[in-house]
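S.K.: Output the structure for:
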Amino acid sequence: MQKNRLSRIDHARLLKGTRALRVHGKLFSLVTASLLGTGVAKYTCAVSTKVSKKAVERNRIKRLCREAVRMHIAEAAEPLAHIFYAKREAVGTSYEEITRDIAGLMKKSRDVHQRSSLA
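M.R.: Next comes the predicted model:
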């Protein structure tokens, strides 16, 4: 489980130096960047206090996000870093809705990366 988690250091490094691709869904935004030197796709779920002031709600969204991503991370063909940012709409939603949104974002991201690599 931990091998696919993106560390805080890698997260900060990715946001500073690399070109990243953004795709937006109803509940989450996904930032995808290339991971050099690793052979595995990694991810992290970020929930700001702007989404919810309550830590209980933020932690619930993170747990549901991690579980949904864990189910779909194997589909990632390339070693990319996936950073999921929760939106306010994610508060109080069901696991099924979160899973659907994350699956859609992963598919969008994969399609855009394939198109950009062909060009």
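S.K.: Where does residue 56 fall, secondary structure wise?
M.R.: Assigned by DSSP states H and E, residue 56 falls within helix 55-72.
S.K.: Can you list the buried residues in that helix?
M.R.: 57, 58, 60, 61, 62, 64, 65, 66, 68, 69, 72 (16 or more other Cβ atoms under 10 Å). Every C-beta, even on glycine, is put in place using the N, C-alpha and C of the backbone.
S.K.: That helix packs against which elements?
M.R.: Counting contacts by 3 or more Cβ pairs under 8 Å, 6 or more residues apart in numbering; DSSP states H and E, helix 55-72 is packed against strand 42-46, strand 80-86, helix 95-118.
S.K.: which one is residue 45 nearest to, not counting chain neighbours?
M.R.: residue 65 (3.7 Å; Cβ to Cβ, 6 or more residues apart in numbering).
S.K.: Now do the same contact list for that neighbour.
M.R.: 28, 45, 47, 84, 86, 98, 102 (Cβ atoms under 8 Å, 6 or more residues apart in numbering).
S.K.: I'd say the fourth one and residue 30 touch.
M.R.: Pointing back at residue 84 there. Yes: in this structure residue 84 lies within contact range of residue 30 using Cβ atoms under 8 Å: 5.7 Å.
S.K.: Mind checking which of these two has more residues around it?
M.R.: residue 84 (28 against 23; other Cβ atoms under 10 Å).
S.K.: For the more buried one, list the residues it contacts.
M.R.: Counting by Cβ under 8 Å, 6+ apart, residue 84 makes contact with 28, 29, 30, 43, 44, 45, 46, 65, 69, 102, 105.
S.K.: Residue 32 too?
M.R.: By Cβ under 8 Å, 6+ apart, the neighbours of residue 32 are 20, 21, 22, 23, 80, 81, 82, 83, 109, 113.
S.K.: tell me what the host helix or strand of the fourth one is packed against?
M.R.: For residue 23, the host element (DSSP H and E) is strand 20-24. Where contact means 3+ Cβ pairs under 8 Å, 6+ apart, strand 20-24 is packed against strand 28-34, helix 95-118.
S.K.: Now render these as a markdown table, adding mean pLDDT and distance to residue 8.
M.R.: A markdown table is the format used below for those (pLDDT from 0 to 100; distance: least, Cβ to Cβ, whole Å):
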| stretch | mean pLDDT | distance to residue 8 |
| --- | --- | --- |
| strand 28-34 | 88 | 15 |
| helix 95-118 | 84 | 21 |
